[in-house]
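In: Okay, sequence plus prediction incoming.
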Amino acid sequence: MRLSILLTRKYRLLSLAAIVDVFETANRFLAEEGKSERFEISFTGASDHQVVPDNFRHIAYVPVSNSPSYDLIFIPAFGPVDMAQTLEDNRCFIPWLHKQYAQGAILASNCTGAFLLAASGLLDDRRATTHVDAAEKLATYFPKIKLEQDAVVTHDANIYTSGGATSGFHVMLALIQKCCGREMAIRIAKTFAIDMDRENQAYFGHFSPVEAHDDELVMRVQHKIKSQFPEIKSIEEAIADIPASRRNFVRRFKQATGLTPIRYLQKTKIEAAKRLLENTEKGLFEIMLCAGYSDMKNFRHLFKENTGMTPKAYRDKFAMRFEPII
């Protein structure tokens with residue numbers, strides 16, 4: 001199979017290296033078994049001149065203007081960037097992706113690489129995922145996508161997307177299994193220590209409120225929620241002194257932050273509970289109160305809705321167990 005890895009502008013080096021490593025390893029295992037290598041790997045970039053990182057000089061580079069047809073194309077994740085500008089900088093790849101897909105190529109994205117697929121329109125009315133912390137932005141930018149925010153991998157009409165960071169290994173395993181069989185996929189999983197049973201990425205999410213906006217009224221409520229969330233029982237309490245109608249303010253708040261006020265308050269409370277579960281030995285009842293809830297059933301329900309697991313399971317997974325290094 002001809003495998004192309006896009007050298008997009010602002011790609012994340014870790015994502016690029018992981019794709020190369022996994023598929024080169026699959027080739028090596030096949031060679032060890034006396035079989036032909038399955039993947040002919042190359043990079044495709046916008047520049048006519050080779051721009052391959054030093055450690056990958058052994059891999060062929062082909063300009064997008066002069067590339068052959070491929071069987072499989074990977075879009076690596078983008079780094080922490082201005083996504084709107086990054087998509088504009090990579091717009092040259094969009095007609096090429098359409099052409100390759102029309103010729104039968106399988107398209108796959110790692111993490112935030114899904115934004116470029118979405119910008120091409122190829123994800124319209126199709127299932128897709130991305131990094132859990134970028135999912136709401138993806139949905140806002142591209143509302144025609146059938147976003148599956150908590151999914152680790154999606155597959156729809158020969159287009160694959162993966163969740164955040166290490167979830168990219170899971171989309172690679174899916175494609176290794178498709179191209180080389182399940183036995184090879186299992187061997188790759190063991191080699192890279194990948195848990196194959198991951199089905200949800202919600203618990204990896206981290207709530208980072210959007211504060212880079214110019215709406216002073218919205219900012220005032222954000223600061224109030226940040227400092228007083230344990231005492232705020234309803235959104236009406238948070239906006240009681242705001243000189244605007246509830247309907248108008250909710251619209252402004254969502255426009256500025258991407259969330260409704262009630263969803264913002266909920267995420268703030270759940271994020272506080274997560275930190276306490278991770279870093280303290282407080283009991284669940286005390287954590288519930290510290291987060292601003294008074295009903296255990298409701299707290300458990302909202303926690304699981306936001307993270308995909310119960311508070312106890314979350315603590316079991318993320319509580320620090322290592323001795324500090326002095």
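Out: Structure's in. What do you need?

In: contacts, neighbours, all on C-alpha from now
Out: Will do.

In: Can you tell me how far Tyr293 is from Asp156?
Out: Distance from Tyr293 to Asp156, counting by CA to CA, to the nearest Å: 40 Å.

In: Those two - which one has more neighbours?
Out: Looking at Tyr293 and Asp156 with other CA atoms under 10 Å, you find the greater number of neighbours at Tyr293, namely 22 against 12.

In: Which helix or which strand is home to that one?
Out: Using DSSP states H and E, Tyr293 falls within no helix or strand.

In: Check Leu116 too.
Out: Per DSSP H and E: Leu116 is located in helix 114-120.

In: Now do that helix: everything it contacts.
Out: Outside helix 114-120, the residues within contact range by CA atoms under 8 Å, 6 or more residues apart in numbering are 75, 77, 87, 90, 94-95, 97-98, 109, 123-124, 128-130, 138, 142, 145, 161-162.

In: What residues sit buried inside that helix?
Out: Neighbour-count burial for helix 114-120, with 16 or more other CA atoms under 10 Å as criterion, is recorded at Ala114, Phe115, Leu116, Leu117, Ala118, Ala119, Ser120.

In: Helix or strand next in line after it, which one?
Out: Past helix 114-120, further along toward the C-terminus, the next helix or strand under DSSP H and E is strand 127-128.

In: In its sheet, which strands sit next to that following strand, and in what direction?
Out: Strand 127-128 has the following sheet partners, assigned by DSSP bridges: strand 146-147 (parallel).

In: what's the spacing between the strand it pairs with and its chain's center?
Out: When C-alpha coordinates are averaged (CA atoms, centre = their mean, to the nearest Å), strand 146-147 and its chain have centres 13 Å apart.

In: for stretch 206-223, same thing?
Out: Using CA atoms, centre = their mean, the offset of stretch 206-223 from its chain centre is 22 Å.

In: which residues sit against that stretch?
Out: 133, 238-239, 242, 249, 252-253, 256-258, 267-268, 271.

In: now these as JSON lines including distance to Ala105, pLDDT and neighbour count?
Out: Compiled in JSON lines, these are given as follows (distance: CA to CA, whole Å; pLDDT from 0 to 100; neighbours: other CA atoms under 10 Å):
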{"residue": "Asp133", "distance to Ala105": "29", "pLDDT": "91", "neighbour count": "18"}
{"residue": "Ala238", "distance to Ala105": "51", "pLDDT": "92", "neighbour count": "22"}
{"residue": "Ile239", "distance to Ala105": "51", "pLDDT": "92", "neighbour count": "22"}
{"residue": "Ile242", "distance to Ala105": "53", "pLDDT": "90", "neighbour count": "14"}
{"residue": "Phe249", "distance to Ala105": "46", "pLDDT": "94", "neighbour count": "18"}
{"residue": "Arg252", "distance to Ala105": "42", "pLDDT": "94", "neighbour count": "19"}
{"residue": "Phe253", "distance to Ala105": "42", "pLDDT": "94", "neighbour count": "21"}
{"residue": "Ala256", "distance to Ala105": "39", "pLDDT": "92", "neighbour count": "18"}
{"residue": "Thr257", "distance to Ala105": "37", "pLDDT": "92", "neighbour count": "19"}
{"residue": "Gly258", "distance to Ala105": "34", "pLDDT": "87", "neighbour count": "18"}
{"residue": "Lys267", "distance to Ala105": "39", "pLDDT": "95", "neighbour count": "20"}
{"residue": "Thr268", "distance to Ala105": "42", "pLDDT": "97", "neighbour count": "22"}
{"residue": "Glu271", "distance to Ala105": "41", "pLDDT": "96", "neighbour count": "20"}
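
In: so which pair among the residues you listed is furthest apart in space?
Out: Based on CA to CA, the longest span within the contacts of stretch 206-223 runs between Asp133 and Ile242 and measures 29.0 Å.

In: what's the span of stretch 89-107, first residue to last?
Out: Taking CA to CA, stretch 89-107 runs 20 Å from one end to the other.

In: Also stretch 78-96?
Out: Taking CA to CA, stretch 78-96 runs 19 Å from one end to the other.

In: could you list every residue that touches the spatially most central residue of the chain?
Out: The C-alpha lying nearest the average C-alpha coordinate of the chain belongs to His131 (CA atoms, centre = their mean; 0.9 Å). Counting by CA under 8 Å, 6+ apart, His131 touches Cys111, Thr112, Ser162, Gly163, Gly164, Ala165.

In: ok, now which ones touch the closest residue to it other than its chain neighbours?
Out: Nearest non-adjacent residue to His131, counting by CA to CA, 6 or more residues apart in numbering: Gly164, 3.6 Å away. The neighbours of Gly164, taking CA under 8 Å, 6+ apart as the test, are Asn110, Cys111, Thr112, Thr130, His131, Val132, Val152, Gln201.

In: Save those residues as TSV, and put in secondary structure too.
Out: Listed next are the contacts of Gly164 as TSV, based on DSSP: H, G, I helix; E, B strand; the rest coil:
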residue	secondary structure
Asn110	coil
Cys111	helix
Thr112	helix
Thr130	coil
His131	coil
Val132	coil
Val152	coil
Gln201	coil
